[in-house]
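> Got a predicted structure plus its sequence, pasted below:
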Amino acid sequence: MAEKVLLVDDEQNFLEALFERMRLRGMEVSVATSGEEALGKVENDTYDAIVLDLMLPGMDGFEALKIIKARRPETQVILLTGRATVEMSVEAMKLGAMDFMEKPADIGQLIVKIKKAQVRKMILVERKSEE
C-alpha cells in the first residue's frame with residue numbers, strides 16, 4: 001500500500017524536488033505551502049505522514065502541529081527545519097511530532113521515517129477501532 005504523504009513547505013524549489021523524489025518512490029503525495037492550507041487538506045483527507053516545515057509564513061509549524069494532532073491524533077508528523085535546536089526538538093516531541101529532522105533532509109532517512117509513520121498510524125487506527 002502506497003504511503004500517503006502531505007508535504008508542507010513554503011520553499012517552492014524544495015517542495016517540488018521532494019515531491020518528485022517521493023512520487024518516484026511510489027508514494028501518494030500532496031503539497032501545501034502554508035499551515036493554513038495544510039489544515040484545510042487535513043480537514044478533507046487523511047495522511048499516513050505529514051512532513052511539516054517549522055518556519056512557515058503566518059502560522060508556524062508548531063501551531064499547525066498542535067491543530068493537526070488535536071483534529072487527527074493518529075496522523076504522524078515529521079517536522080523539518082533549517083535551524084534546529086535541542087529546545088525545538090524537545091518542544092516538537094511534547095506537541096506530538098513523531099520526529100524532527102534538519103534540512104536539507106536526507107531523502108533516504110526521510111523515506112524510512114515515512115514508512116515507520118504509516119505503520120504507526122495503522123496500529124493507532126486499529127487500536128481505536130477495537131475500542
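Received, thanks. This one's a predicted model, so the numbers in the text were calculated from it and none came from an experiment. Numbering: from 1, shown residues only.

> contacts and neighbour counts: CA atoms only from here.
Will do.

> What is the burial count for Lys69?
16 (other Cα atoms under 10 Å).

> same question, Gln109
A total of 10 residues lie near Gln109 under the criterion other Cα under 10 Å.

> From Thr33, how far out is it?
22 Å (Cα to Cα, to the nearest Å).

> can you confirm Glu74 is in a helix?
No - Glu74: not assigned to a helix; according to DSSP: H, G, I helix; E, B strand; the rest coil it is coil.

> Could you tell me which residues make contact with it?
Applying Cα atoms under 8 Å, 6 or more residues apart in numbering, we find Glu74 in contact with 121, 124-125.

> Kindly report the same for Ala117.
Counting by Cα under 8 Å, 6+ apart, the residues that Ala117 touches are 48-49, 76-77, 98.

> swap in Leu7?
15, 19, 29-32, 50-52.

> Not counting sequence-adjacent ones, nearest residue to Glu11?
Nearest residue to Glu11 in three dimensions, chain neighbours excluded: Thr33, at 7.6 Å (Cα to Cα, 6 or more residues apart in numbering).

> Tell me how many other residues surround the one you found.
Thr33 - counted by other Cα under 10 Å - has 18 other residues nearby.

> go on, Thr75?
With other Cα under 10 Å as criterion, Thr75 counts 26.

> is it true that it touches Ile123?
No - contact between Thr75 and Ile123 fails when scored by Cα atoms under 8 Å: they sit 11.2 Å apart.
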